[in-house]
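Q: 3D model of this:
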Amino acid sequence: QVHMVESGGGLVQTGGSLRLSCAVSGLAFSTHSMAWSLGWFRQAAGMEREFVAAISRTGITTVTEKDRFAVSRDNTKNILYLQINSLKPEDTATYYCAAERRNYGSSQNPNDYDYWGQGTQVTVSS
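A: Predicted structure coming up:
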């Protein structure tokens, strides 16, 4: 059974930074085994879930704001990370990690993802 657990959210001031983590169990991170792309999405109150970043099986990243977001994965610890810098109030949302069964590349469509974490709240004060 696949479990994905996010952590690292919190209340930060505008301009601050956070590193979100997603501990994954039940699926192999290895690039030589079953192929998974891992992504980060966020959902603000009353809004649809939106794509933030993803990293493919081979380490190729897709990021919406390259100057502020960075996604990485530690294949030895089975942890996915999202570094967010220069936080803005509009970044306030619940952030979710997700896993997509895909051999190459990453999807930006949340409907393509097979497993999700429960989310971690990020609140940015002005």
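
Q: list the contacts for the closest residue to Gln43 other than its chain neighbours?
A: In space, not counting the residues next to it along the chain, Gln43 is nearest to Arg49; the distance is 4.3 Å by CB to CB, 6 or more residues apart in numbering. Just so you know, the C-beta spots here come from the backbone N, C-alpha and C atoms, and that holds for glycine as well. Applying CB atoms under 8 Å, 6 or more residues apart in numbering to Arg49 gives the contacts Phe41, Arg42, Gln43, Tyr96, Pro110.

Q: go again using 7 Å as the cut-off
A: In this structure, Arg49 makes contact with Phe41, Gln43, Pro110, judged by CB atoms under 7 Å, 6 or more residues apart in numbering.

Q: so where does the residue most central in space within the chain fall, helix or strand?
A: Computing the C-alpha centroid of the chain and ranking residues by CA atoms, centre = their mean puts Trp40 first, at 2.3 Å. Counting by DSSP states H and E, the element that carries Trp40 is strand 36-43.

Q: Counting by contacts, list what that strand packs against.
A: In terms of contact count using 3 or more CB pairs under 7 Å, 6 or more residues apart in numbering; DSSP states H and E, strand 36-43 is assigned the packing partners strand 50-55, strand 93-101.

Q: List the strands paired with the following helix or strand past the shortest one, with their directions.
A: Counting by DSSP H and E, the element after strand 50-55 in chain order, helix or strand, is strand 61-63. Pairing partners of strand 61-63, with direction, according to DSSP bridges: strand 50-55 (antiparallel).

Q: coming back round to it: kindly reformat the helices and strands packed on strand 36-43 as JSON lines containing distance to Asp67 and mean pLDDT.
A: Rendered in JSON lines, the data for these read as follows (distance: least, CB to CB, whole Å; pLDDT from 0 to 100):
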{"stretch": "strand 50-55", "distance to Asp67": "13", "mean pLDDT": "97"}
{"stretch": "strand 93-101", "distance to Asp67": "18", "mean pLDDT": "96"}
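
Q: Can you say which of those strands is nearest to Leu20?
A: For Leu20, the closest of the helices and strands packed on strand 36-43 is strand 93-101, at 5.7 Å, according to CB to CB.
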